[in-house]
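Asker: model the structure of this input:
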Amino acid sequence: MSGEEIPAWVKCAREGWTHTGKNRPPFAEVPEDGKESVWDYPRPPLAVEDARHVVVKLKGTDTIVADSTITVRILETSHPPTFYIPKKDVNMELLKIAAGSSMCEWKGQATYYGVESSAPRSCWSYDSPFSEMTLIKDHISFYPSQFDCTVGGEKVTPQPGGFYGGWITPELAGPFKGDAGTSGW
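Answerer: Okay, the predicted model is just below:
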């Protein structure tokens, strides 16, 4: 599905957001020098290339699932970024297609994967993303709650909640969507 084929319900969902990164709400943390506020990220989200060294390992092991310095971060209001790693830098032999899919009003339809020793839907891709997100085509993102992830050598903390896949790194200021009471953000 290309950007020109965005369904009417998706357009309607996009128009319903009030937090768009234009005005930081009063409850948002003020970032210290060198930090980023997730409340300054835009909505619709922005895909940005990132050259930091990203490593994804099977939880509690030294088995590398992905290792790259050419990733894409998705920056979306109230969310810690989600890192997308090129499939060429992912050990695809460890991944198996998982049942089901979901639809994101910003990226398109997701395909899920599982890894033998993790949850059946522990990573995902957008094989035919909307035109605004073509940078993530042929990339995979991982739920950091299911893996041991690092960015630039720093351990990643998973975004709160079971649905979201954001990667909390030391340079971020929140609060982050995912905790109880944040569904309207």
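Asker: which is the succeeding secondary structure element to the helix or strand bottoming out on mean pLDDT in the chain?
Answerer: Scoring the helices and strands of the chain by mean pLDDT, DSSP states H and E places helix 8-15 at the bottom, with a mean of 71. Downstream of helix 8-15, the first helix or strand assigned by DSSP states H and E is strand 36-37.
Asker: and the average pLDDT for that next one is what?
Answerer: Average pLDDT, strand 36-37: 96.
Asker: that strand pairs with which strands?
Answerer: strand 172-173 (parallel) (DSSP bridges).
Asker: starting at the chain centroid, how far to the partner strand?
Answerer: Centroid separation between strand 172-173 and its chain, computed with Cα atoms, centre = their mean, to the nearest Å, is 15 Å.
Asker: contact partners of it?
Answerer: 28-32, 35-39, 80-81 (Cβ atoms under 8 Å, 6 or more residues apart in numbering). Glycine gets a C-beta too; all of them are placed from N, C-alpha and C.
Asker: kindly recompute the last result at 6 Å.
Answerer: 29, 31, 35-37, 80 (Cβ atoms under 6 Å, 6 or more residues apart in numbering).
Asker: in the longest strand that the chain contains, what counts as buried?
Answerer: The single longest strand within the chain, with elements called by DSSP state E, is strand 95-104. Judged by neighbour count using 16 or more other Cβ atoms under 10 Å, the buried positions of strand 95-104 are 95, 98, 104.
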